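Asker: Quick one: sequence and predicted model below, then my questions.
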Amino acid sequence: MDDQQIIDHITTLADEEKQLEEQHVGTGLSSEEEQRLGRIQVSLDQMWDLLRQRRALRSAGRPTDSASLRSADTVEGYRQ
């Protein structure tokens, strides 16, 4: 997956996240929708992490193919 594919995937996920949230303003999400929203948010964190890894490798003069998708536990455990 190259940078543009990652960015496209981030955009698709962000659009779905926004749509879910906007459709249920004032009514709340069903439990299934809440679960989907949670999965989207984790996937977004993973994709952003992957993109940051690739950019860091590139700026260090290293091949970007050594970047990898990290587990949900890893990316969700980062301190903000």
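Answerer: Ah, there it is.

Asker: which residues touch the closest residue to W48 other than its chain neighbours?
Answerer: Taking CB to CB, 6 or more residues apart in numbering, and ignoring the residues beside it in sequence, W48 has I10 as its nearest neighbour in space, at 6.7 Å. In this view, the C-beta of every residue, glycine as well, is placed from N, C-alpha and C. Applying CB atoms under 8 Å, 6 or more residues apart in numbering, one finds that I10 lies in contact with 44, 47-48, 51.

Asker: Show me which positions of the host helix or strand of S43 end up buried.
Answerer: Per DSSP states H and E, S43 falls inside helix 31-59. For helix 31-59, a neighbour-count test (16 or more other CB atoms under 10 Å) marks 37, 40, 42-47, 49-51, 53-54 as buried.

Asker: what's the pLDDT at H24?
Answerer: Per-residue confidence at H24 stands at 80 (pLDDT).

Asker: what's the spacing between the closest residue to M47 other than its chain neighbours and R55?
Answerer: Sequence neighbours aside, I10 is the residue nearest to M47 in space, at 4.8 Å (criterion: CB to CB, 6+ apart). As judged by CB to CB, to the nearest Å, I10 and R55 stand 13 Å apart.

Asker: Right, I'll leave it there.
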